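>>> got a sequence here, can you model it:
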Amino acid sequence: MNGAKLVDGAIAGAVGSAALNMVSYLDMVLRARPASSTPEETAGRVAGLAHVDLGPEDRAANRRSGLGPLLGYGMGIAAGAAFALLAGRRTAGPVAVALLGGSVMAMSDGSMTALGVTDPRRWGRTDWLSDLVPHLAYGMAAAATWNRLRPPSSRRC
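Take a look at the predicted model:
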């Protein structure tokens, strides 16, 4: 495995994570909806399972607010790196978008469901769209970045 390929995957995952967050924030602006509490709840559950003391509640709340998004970025970067392990030099756009966006959505929703933070079986149409659209943005941005960083071998120095 080429280390540069793994780094390119991580970079693609970071770009995808930024796109996911931008689309989520745009949704908040357009619909005037509050931020989701699920990232912070997930961070709290992970910290509890890892037996990490986040401190007194006022400080713990602030730490959860920071840890939630960091976990999201970590998951997005890890998904990009994992994609690099499986992908060829370049991957067809729709396939890459589906693999990247779908895997991150499955990992995030799956982990939050396993931790008891959410239950997708109780989500309505708006909830699913609010989850699907940012993950599609992740997939599109990560796939475009991956394909940009992995030009055909004839162009690579």
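
>>> Three-state assignment for the most centrally placed residue in the chain, please.
When CA atoms, centre = their mean is applied to the chain, the residue found nearest the centroid is Gly76 (3.6 Å). Of the three states, Gly76 takes helix under DSSP: H, G, I helix; E, B strand; the rest coil.

>>> so that it lines up with my notes, have the first residue be 54 from now on.
New numbering, starting at 54: the last item is Gly129.

>>> which helix or strand contains the nearest residue to it once chain neighbours are set aside?
With sequence-adjacent residues excluded and distances taken as CB to CB, 6 or more residues apart in numbering, Gly129 is closest to Ser70, at 3.3 Å. In short, each C-beta sits where N, CA and C put it, glycine included. Ser70 belongs to helix 56-84 when elements are defined using DSSP states H and E.

>>> list the buried residues for that helix?
Along helix 56-84, the positions that meet the burial threshold by neighbour count (16 or more other CB atoms under 10 Å) are 58, 61-74, 76-77.

>>> please apply the same query to stretch 155-172.
By neighbour count on 16+ other CB under 10 Å, the buried set for stretch 155-172 is 155-158, 161-162, 164-165, 168, 170-171.
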